[in-house]
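Visitor: below is the sequence, then the predicted model.
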Amino acid sequence: MQIKSTLERLRNFLDSQIQNGVKVKVYTRKDDQLNYFREINIGVKYEEFKEIILQEETKLELGGVDQKSFSLVYPIEELDLVNNGKILLIGPEIKEISNKTVDFGLFLLIGVDNLPENSFDELKNLNFISNGIEGFMIRTIPRRFWCRLTKSIISKFSFEFLGNAIMFLYQQKFKDIIKSMEIIFINSNPELIDSFIDMSSSIRLDIEQKWRKKVKEWKRRVDCDYDWDCNECPYYDICEDVKEVLGKREGLD
């Protein structure tokens, strides 16, 4: 299986970097995340913090136009390949960073079950996280990704907190789809970021080809010949009704 072999290579590569002295921390998802957020005293709630953080309000920028950066979000059905609840940080913690901007990468692996065809692209879009964390903003442009942290939260913020907040918000938005999640953060190491992007490229291609194939099979099944994706289709609601009828019919066979 291509996804399994590529993930094994990625994990082995990261292990080799750790053995060579790269700084690493391992966190796990908190059992009581709401209480954890209250103790940290940074607000985390879906669609609650729709704020624009200006440059003069920014204390730290992770990634950016002039930095190495990536955000890779991969939904997979192979649940056993996801280290559920694991948050791996490669590089210094927030309190150990003295620069105003640093190279930054985020890898999010999501285990899903019965993922609707129209949800694949939506799961990969991280921007909604911006609206769920106080004093935090995500921005993306082609080939660039960055996060801004305000001066008011920087002393309380950590990658452990960010990993938990991302997992919490994803579960809030996609509670019926997501079964497991794993996050890897890389910062302050441009060479490692480049290597990680190169090694993970085959996962992206394999996963996207797999889901595009599922969409094509569904379109063929309902005799759909439109070129647009399901999540952009004006007839999506009607198509979902057809899917439900077909599912019930199969249950009777």
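Guide: Yes, it's here. Numbers count the residues shown, from 1 in each chain.

Visitor: using the three-state scheme, assign Ser119.
Guide: Using DSSP: H, G, I helix; E, B strand; the rest coil, the structure places Ser119 in helix.

Visitor: doesn't Ile177 make contact with it?
Guide: Yes: with contact defined as CB atoms under 8 Å, Ser119 reaches Ile177; the gap is 6.2 Å. The C-beta positions use only the backbone N, C-alpha and C, and glycine is treated the same way.

Visitor: can you give me the helices in the stretch 101-250 of the chain?
Guide: 120-124, 159-173, 190-221, 236-252 (DSSP state H, counting those that start in this stretch).

Visitor: state the distance from Val112 to Val22.
Guide: 30 Å (CB to CB, to the nearest Å).

Visitor: which of the two has more residues huddled nearby?
Guide: With neighbours defined as other CB atoms under 10 Å, Val112 and Val22 compare such that Val112 has more, 21 against 14.

Visitor: now the more buried one, nearest residue through space, not along the chain?
Guide: Residue nearest to Val112 in three dimensions, not counting chain neighbours: Pro75, with 4.8 Å by CB to CB, 6 or more residues apart in numbering.

Visitor: now the angle from the strand or helix carrying the one you found to helix 159-173?
Guide: Assigned by DSSP states H and E, Pro75 falls within strand 69-76. Inter-element angle recorded for strand 69-76 and helix 159-173: 40 degrees (by axes from the mean of the first three to the mean of the last three CA atoms, to 10 degrees).

Visitor: hmm, Leu89 and Leu14 touching each other?
Guide: No: counting by CB under 8 Å, Leu14 stays clear of Leu89, with 11.3 Å between them.

Visitor: phi, psi for Phe49 please.
Guide: Main-chain torsions, Phe49, degrees, to the nearest 10: phi -120, psi 70.

Visitor: check Thr28 and give its pLDDT.
Guide: If you check Thr28, the pLDDT there is 97.

Visitor: what bridges to it?
Guide: Lys86 (DSSP bridges).

Visitor: how many other residues sit next to it?
Guide: 13.

Visitor: what about it, distance to Ile166?
Guide: Taken as CB to CB, the span from Thr28 to Ile166 is 14 Å.

Visitor: Gly111 now?
Guide: From Gly111 over to Ile166 (counting by CB to CB), the distance is 15 Å.

Visitor: pLDDT (mean, whole number) over the helix or strand where Gln17 lies?
Guide: Using DSSP H and E, Gln17 maps to helix 2-19. Per-residue pLDDT over helix 2-19 has a mean of 86.

Visitor: do stretch 185-195 as well
Guide: 93.

Visitor: could you tell me the end-to-end distance of it?
Guide: 14 Å (CA to CA, to the nearest Å).

Visitor: for it, the distance to its chain's centre please.
Guide: 17 Å (CA atoms, centre = their mean, to the nearest Å).
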